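Visitor: prediction below, plus the sequence it came from.
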Amino acid sequence: TAGIPGGNVYLNMTTSTVGVGFSAAQRYFPAIRTGAAWSLDLSSAPFSDGSYYDVLVKSSDVVQNVESVTTAHTAGSNHICFMWAAPEPSSVLTTPGAGTPQYQKTGGNQLTQLAGTAANATLLQVNIKQTDDNQYWTGSSWTLTTDTWVNATSLSPFSPSQTWAYAFPAPGTNWQGNKNYLATARSFNGAKPQSTTLDAKTFIIDSTAPVTSITAPASALLNSMTAITGTAVDVAPGSVSNASVYFKVQRLADGLFWDTATGGYNVAGSSLTATFEGAGVYSTSTTSAFWTDGRQFKIQMFALDAAGNQNATTESTFRYDVTKPTATIVLPRHAATYRSLTTLSGAVIDPFNTGDAFAAASGVASVSVYLKNNQTNGYFNGSAFTAPTPFANAASLAGPNWTYTASGLDTTMNDGSYTLYVEANDNAGNAQDASTWLITGSSRTFTIDKSSPAAGIGAIPAQLADRLNPGTIRLGTTVTSVDGTTVRLSGG
């Protein structure tokens with residue numbers, strides 16, 4: 001039997017070993033004998049921390065001779081006294097875990113309960129604080145007043161190790177989205193509180209998906225595409241999971257997606273994992289195998305944050321064009337001589353694969369006109385031949401044709417040789433290949449002659465001997481009269 005000295009209350013039992021409380025009736029419990037030793041399990045006895053207890057033990061033989069119990073407790077006798085010192089309670093938080101984990105407000109990664117382990121504890125409590133606004137969870141709502149502790153699941157007394165949990169009610173409603181939290185656990189052994197440092201864990205509830213933006217391709221028409229880039233950001237305190245940002249490439253002609261494993265396009269395709277470049281920028285490299293000249297492609301981008309929220313796909317469409325345009329010259333003609341030349345003109349084309357029903361050209365963006373004075377090696381800059389290096393003059397476009405005129409063009413071209421060449425550029429950034437100038441008629445050399453014949457009619461044949469067919473004379477002035485073998489010109 002066991003009782004409180006002087007208190008005349010004794011431990012009760014419901015089975016051979018379980019104590020359920022103390023009462024005035026003295027009771028002896030049957031012990032378990034093992035040879036000359038005996039034992040009684042008191043692990044569930046509700047002893048009070050700091051209280052003293054007497055233990056009385058007596059034995060009987062087979063003919064019911066009963067041992068006498070000494071009145072006073074004495075060490076080493078069948079009546080002893082002890083003081084109960086409750087074991088130190090302790091507790092650990094295992095959910096949420098270490099490292100500030102992030103959870104969804106709604107979705108498959110909700111924080112539905114706080115959980116952990118405890119030792120020598122009869123009561124476990126948790127404190128949940130929303131640290132951005134200093135609010136505390138009361139068990140049913142948030143308050144701005146003081147720390148509030150709520151009870152977790154019941155614990156068995158004196159157990160050296162057991163688990164506990166606190167089910168957070170209606171997490172999709174009661175958690176506040178995009179906030180920081182601090183959870184703390186404490187334990188009690190009866191009235192004895194945990195004296196060791198309380199275990200506390202930080203965590204985040206993230207209710208917003210990341211926002212993605214595609215930065216390359218940056219244009220609807222491109223002649224080079226070696227990398228896809230974009231940005232992904234999340235609403236604080238949430239953060240993007242750097243390993244969970246993806247791109248997909250779709251070919252619009254048939255709706256198929258690029259598959260890295262097969263190196264081609266199919267129905268499912270594959271998500272291309274982006275590489276984090278820093279400062280919210282992500283990229284993935286591509287090769288020419290991705291693209292077909294003249295066709296359109298759609299880039300898709302999506303990201304997951306650390307809580308598992310995924311944004312709606314961001315998209316960007318572009319046409320891939322690597323075929324170079326060509327401009328040719330109609331006026332002036334090659335090796336021709338002109339007294340006056342006020343306008344330069346020609347044709348321009350941006351070719352594409354006409355055999356591909358889904359291909360198209362990006363279109364001509366511009367034609368640049370370069371005009372050189374071969375005597376001075378100066379280039380025309382829009383008003384004079386004073387540019388020391390090739391100078392691009394912008395032509396006017398009208399359908400498949402181009403023209404160029406400038407107020408100082410004719411007046412600044414003196415007698416001599418000139419070279420004209422033109423360069424076309426398309427909307428995808430392709431520039432005409434310089435090697436086409438001599439092959440396609442994109443370059444012309446011509447002569448300007450504005451001088452009148454000198455030394456009278458007799459000098460005309462000598463002056464024009466190298467320029468006119470035999471028997472043909474062209475005069476650059478008006479004939480006023482013909483008298484026999486005399487031809488009179490304007491001005492005498």
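Guide: Now that the structure is in, tell me what you want to look at. Computed from a prediction, not measured in an experiment: that's the story for all the values here.
Visitor: where does pLDDT dip in this structure?
Guide: Residues of the chain that meet the criterion pLDDT under 70 lie in 1-8, 13-20, 157-158, 438-440, 453-492.
Visitor: next, the distance between the ends of stretch 391-399.
Guide: Distances were taken as Cα to Cα, to the nearest Å; on that basis the terminal residues of stretch 391-399 are 24 Å apart.
Visitor: dig out what Cys81 forms beta bridges with.
Guide: Listed by DSSP bridges, the beta-bridge partners for Cys81 are Asp54.
Visitor: do the one 10 residues further on as well
Guide: Ser91 has these beta-bridge partners by DSSP bridges: Ala118.
Visitor: roughly how far apart are it and Thr184?
Guide: Ser91 sits 10 Å away from Thr184 when distances are taken as Cβ to Cβ, to the nearest Å. For glycine as for every other residue, the C-beta is placed from the backbone atoms N, C-alpha and C.
Visitor: please name the strands paired to the helix or strand hosting Ala347 in the sheet, noting orientation.
Guide: Assigned by DSSP states H and E, Ala347 belongs to strand 343-349. Strand 343-349 has the following sheet partners, assigned by DSSP bridges: strand 326-331 (antiparallel), strand 401-405 (antiparallel).
Visitor: any idea which of those is most buried?
Guide: With neighbours taken as mean count of other Cβ atoms under 10 Å, these reach their highest mean count in strand 326-331, at a mean of 20.
Visitor: contacts for the helix or strand just after that strand next, please.
Guide: Read in the C-terminal direction, the helix or strand following strand 326-331 is strand 337-338, with elements assigned using DSSP H and E. Counting contacts by Cβ atoms under 8 Å, 6 or more residues apart in numbering, the residues outside strand 337-338 that touch it are 332, 446-449, 467.
Visitor: ok, stretch 159-177 next?
Guide: 91, 103, 105-106, 110-121, 124, 126, 128, 130, 135, 137, 140-142, 150-153, 155-156, 205-208.
Visitor: and what of stretch 368-382?
Guide: Everything outside stretch 368-382 that qualifies as a contact, by Cβ under 8 Å, 6+ apart, is 344, 384-395, 404, 406, 408-409, 412-413, 416-425, 445.
Visitor: re earlier: identify the contacts common to Ser91 and Thr184.
Guide: Taking Cβ under 8 Å, 6+ apart as the contact definition, Ser91 and Thr184 share the neighbouring residues 198-199.
Visitor: so for the two, which residue has more residues nearby?
Guide: In this comparison of Ser91 against Thr184, neighbours counted by other Cβ atoms under 10 Å, the higher total goes to Ser91 at 26 against 18.
Visitor: which of the contacts of stretch 368-382 count as buried?
Guide: Applying 16 or more other Cβ atoms under 10 Å to the contacts of stretch 368-382, the neighbour count classes 344, 385, 387, 391-393, 395, 404, 406, 409, 412-413, 418, 420-425 as buried.
Visitor: surely Ala306 meets Ala209?
Guide: No: counting by Cβ atoms under 8 Å, no contact exists between Ala306 and Ala209, whose distance comes to 11.8 Å.
Visitor: now distance to Ser288 too, for the strands paired with strand 343-349, in JSON lines please.
Guide: As requested, the strands paired with strand 343-349 are arranged in JSON lines below (distance: least, Cβ to Cβ, whole Å):
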{"stretch": "strand 326-331", "distance to Ser288": "22"}
{"stretch": "strand 401-405", "distance to Ser288": "31"}
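Visitor: Val369 and Asn401, how far apart?
Guide: Using Cβ to Cβ, we find Val369 at a distance of 13 Å from Asn401.
Visitor: check Ser141 too.
Guide: 77 Å.
Visitor: same check, this time on Gly346
Guide: Applying Cβ to Cβ, the value for Gly346 to Asn401 is 7 Å.
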